[in-house]
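Engineer: structure for this input, please:
(chains A and B)
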Amino acid sequence: EVHLVESGGGLIKPGGSLRLSCSASGFSLTNVWMSWVRQAPGKGLESFGLIKSKFAGGTTQYAAFVKGRFTISRDDSKNTLYLQMDSLETEDSGVYYCSILGNPGYFDSWGQGTLVTVSS
Amino acid sequence: QTVVTQEPSFSVSPGGTVTLTCGLSSGSVSITYYPSWYRQTPGQAPRTLIYNTTTRSSGVPDRFSGSILGNKAALTITGAQADDESKYYCVFYMGSGNWVFGGGTKLTVL
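Structural biologist: Numbering: from 1, shown residues only, chains lettered A, B, ... in the order given. As a prediction, the model looks like this:
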């Protein structure tokens, strides 16, 4: 059974850094495209980054509003996806979800999310 | 910037049928945008319902169906149940790793 578990969220001051993890089980992260989606408090869903499968080159893509601040990576030996977040802003607060990207172009399985609060 | 429009709220009677719609500010919706639908209850992760316009995700009952209605994507729920009370989001895939999300429709069953 496919299972995703995010962790690493917490309270961080503006300008700080945080690394989120998404531990996968039931499948190999190497073989799938993965994305990060976030949800600000009381707001809707917003995707901002993806990493392609190893077969597709393993490259990453980011939305403009996180480009240069957020980095997605993968540790195949741990079957874990990471989101390194630097230069955090208050607007980055919210629940962060990792999701398997299905073909064509949809969000398949989701983790339970981890809460990030950026506040002084 | 492309905006996705969804009804902010909708209500349906238990056992009734409801159709939620999802439009694009840039024009008509087509299957080439691969519309997908998700539902989310407060404090929970989203759950995938429909992808590729009409395909039900694993485990989703056939009370849920997706379609294109006129120039919009649509999600129809038949035989509405109390636990269908959720927020329903539609998403369009614009290609090249870009998605646009609707703001969600809050469905009340009463």
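Engineer: who in chain A is up against chain B?
Structural biologist: Within chain A, the positions near chain B by Cβ under 8 Å from any Cβ of the partner chain are A:37, A:44-47, A:50, A:61, A:63, A:97, A:102, A:104-113. All C-beta spots, glycine's among them, are computed from the backbone N, C-alpha and C.
Engineer: residues in contact with the nearest residue to residue A:82 once chain neighbours are set aside?
Structural biologist: Nearest residue to residue A:82, sequence neighbours excluded (Cβ to Cβ, 6 or more residues apart in numbering or on different chains): residue A:73, at 4.8 Å. By Cβ atoms under 8 Å, 6 or more residues apart in numbering or on different chains, the contact set of residue A:73 is A:51, A:60, A:81-82, A:84.
Engineer: residue A:19 too?
Structural biologist: Counting by Cβ under 8 Å, 6+ apart, residue A:19 has contacts A:8, A:82-85.
Engineer: hey, where'd the strands end up in chain A?
Structural biologist: Secondary structure of chain A by DSSP state E: the strands cover A:3-7, A:10-12, A:18-25, A:33-39, A:45-51, A:60-62, A:70-75, A:80-85, A:94-102, A:106-110, A:114-118.
Engineer: okay, now the sheet partners of the fourth one, with direction.
Structural biologist: Strand A:33-39 has the following sheet partners, assigned by DSSP bridges: strand A:45-51 (antiparallel), strand A:94-102 (antiparallel).
Engineer: packed most tightly, which of those would that be?
Structural biologist: Counting by mean count of other Cβ atoms under 10 Å in any protein chain shown, strand A:94-102 has the highest mean neighbour count of the strands paired with strand A:33-39, with a mean of 23.
Engineer: what's the average pLDDT for that one?
Structural biologist: Strand A:94-102 comes out with an average pLDDT of 98.
Engineer: quick one, it and strand A:70-75 angle?
Structural biologist: Strand A:94-102 and strand A:70-75 are oriented at 50 degrees to each other (axes from the mean of the first three to the mean of the last three Cα atoms, to 10 degrees).
Engineer: ok, now how distant is the residue in chain A positioned nearest to chain B from residue B:44?
Structural biologist: With Cβ to the nearest Cβ, the shortest gap between chain A and chain B falls at residue A:105, namely 2.9 Å. According to Cβ to Cβ, to the nearest Å, residue A:105 stands 23 Å off from residue B:44.
Engineer: go ahead and confirm residue B:62 touches residue B:54.
Structural biologist: No. Applying Cβ atoms under 8 Å, one finds residue B:62 not in contact with residue B:54, separated by 11.5 Å.
Engineer: the two - which one has more neighbours?
Structural biologist: It is residue B:54, of residue B:62 and residue B:54, that has more neighbours when counted by other Cβ atoms under 10 Å in any protein chain shown, with 13 against 8.
Engineer: residue contacts, the more buried one?
Structural biologist: Counting by Cβ under 8 Å, 6+ apart, residue B:54 makes contact with B:65-67.
Engineer: perfect, I'm done here.
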